[in-house]
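S.K.: My questions concern the predicted model and sequence given below.
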Protein chains: 2
Amino acid sequence: MNIEEALRARGIPLTHQRLAIYERLKKSKEHPSAEDIYRALKPRYPSLSLATVYKTLQTLEKLGLISLVNRPHAQARYDAITERHHHAICERCGRIDDLFDPRLDELPLPKGAGGFVVTGHSVHFRGLCKGCAGAKERRKR
Amino acid sequence: MNIEEALRARGIPLTHQRLAIYERLKKSKEHPSAEDIYRALKPRYPSLSLATVYKTLQTLEKLGLISLVNRPHAQARYDAITERHHHAICERCGRIDDLFDPRLDELPLPKGAGGFVVTGHSVHFRGLCKGCAGAKERRKR
DNA sequence: ATTCTTGCAAACGGTTTGCACATAC
DNA sequence: GTATGTGCAAACCGTTTGCAAGAAT
């Protein structure tokens, strides 16, 4: 399913901007920022505004057509633990739990990262924390 | 080595603020933000300013006494790939490479995350990208 | 006494929002 | 024709910075 169908299927108007922004993102492998995309498209679409790029990216993400590499606008969170460990992040309330699990500390070096020198890694689990999972369960009944 | 020794060892003055901020962070398991810490300490240290909390957290991080859960200050980066994959992030130039490796897709569910319902995960490798690793190597010679 | 830190307020940078005009359907 | 998107500028929010006053050594 291409983007035109995906948008039509949801009754979302297909505009030149949306198409251009999506195509641009699809073509680039550098995980561009909103501003990168804006700068790349500006010459061909002189009236394009940065706000539109942001709004469009948000729309596409909600539709599941694109994804975010790193959550924006989040505030920095700190941790007194400096030893190697991993995190479970609740998608509902933002709670972050620490995970200590030696099996996660010894991951295979990734294939296909041609020439990348790894100095460390961390695993992020997404999902619902105990409290939020419980709340959801209770609402069902 | 406690924080007082760690700071003294580096000739960094030990202030009430630094001590209070570090102790507060050590006590809390919720990975607080700078503002969380600020609010928690304000009643006992009425003259404390948010800027000091930020500066102190930065200092402690540089010394390796604390760590950041999520990088702040970064702009959102987008990806047209929505299938499961992982990332290699260059600590020098910020470049992000995609990694596809089925061995990373099937991680053991973490132990000790009591009640956390996992819906997905991703692995972040840190290190130097091909270009930056090469540049470093060349500088050595 | 000297050096480094603190606190304040202003600046900053990325992102969001309100609103009038334009466009898709 | 109606609903929705776009573009602009202003607002926003977390974070940083410049600087005068204060504290640690």
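M.R.: Good, I have the coordinates.

S.K.: can you pull the buried residues of stretch A:3-23?
M.R.: Residues of stretch A:3-23 classed as buried: A:3, A:6, A:7, A:17, A:18, A:20, A:21, A:22 (neighbour count, 16 or more other C-beta atoms under 10 Å in any protein chain shown). Every residue, glycine included, has its C-beta placed from N, CA and C.

S.K.: Who are the contact partners of the second one?
M.R.: Going by C-beta atoms under 8 Å, 6 or more residues apart in numbering or on different chains, residue A:6 touches A:63, A:65.

S.K.: which among the buried residues of stretch A:3-23 gets closest to chain B?
M.R.: Nearest to chain B among the buried residues of stretch A:3-23, counting by C-beta to the nearest C-beta, is residue A:22 at 7.3 Å.

S.K.: And the host helix or strand of the closest one, what does it pack against?
M.R.: Using DSSP states H and E, residue A:22 sits within helix A:16-27. Helices and strands touching helix A:16-27, by 3 or more C-beta pairs under 8 Å, 6 or more residues apart in numbering or on different chains; DSSP states H and E, are helix A:3-9, helix A:34-41, helix A:50-62.

S.K.: picking up where we left off before, can you narrow the buried residues of stretch A:3-23 down to the ones near DNA strand D?
M.R.: A:17, A:18 (C-beta under 7 Å from any atom of the strand).

S.K.: quick one on the thing from earlier: any chance of the helices and strands packed on helix A:16-27 in JSON lines, with mean pLDDT too?
M.R.: Shown next, in JSON lines, are those (pLDDT from 0 to 100):
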{"stretch": "helix A:3-9", "mean pLDDT": "93"}
{"stretch": "helix A:34-41", "mean pLDDT": "98"}
{"stretch": "helix A:50-62", "mean pLDDT": "97"}
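
S.K.: wait, isn't residue A:79 in contact with residue B:68?
M.R.: Yes: contact criterion C-beta atoms under 8 Å: residue A:79 and residue B:68 qualify, at 7.2 Å.

S.K.: Comparing those two, which residue is more hemmed in?
M.R.: More neighbours surround residue A:79 than the other of residue A:79 and residue B:68, with 22 against 14 (other C-beta atoms under 10 Å in any protein chain shown).

S.K.: check contacts around that one.
M.R.: With C-beta under 8 Å, 6+ apart, residue A:79 has these contacts: A:98, B:25, B:31, B:66, B:67, B:68, B:69.

S.K.: residues from chain A in reach of DNA strand C?
M.R.: Close to DNA strand C, as judged by C-beta under 7 Å from any atom of the strand, chain A has residues A:8, A:13-16, A:33-35, A:50-51, A:54-55, A:58, A:72-73.

S.K.: where are the low-confidence patches of chain A?
M.R.: A:1, A:72-73, A:112, A:140-141 (pLDDT under 70).

S.K.: what comes into contact with the top strand by length along it?
M.R.: Counting by DSSP state E, the longest strand found in chain A is strand A:117-128. The contact list for strand A:117-128 (C-beta under 8 Å, 6+ apart) reads A:84-92, A:99, A:104, A:107, A:109-110, A:133, A:136, B:88, B:91, B:107, B:110, B:113, B:116-128, B:133.

S.K.: Only the buried subset of those, as a PyMOL command please.
M.R.: Of those, the buried ones go into a single PyMOL selection, burial set by 16+ other C-beta under 10 Å:
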select buried, (chain A and resi 85+86+87+88+89+90+99+104+107+110+133) or (chain B and resi 88+107+110+113+116+117+121+122+123+124+125+126+127+128+133)
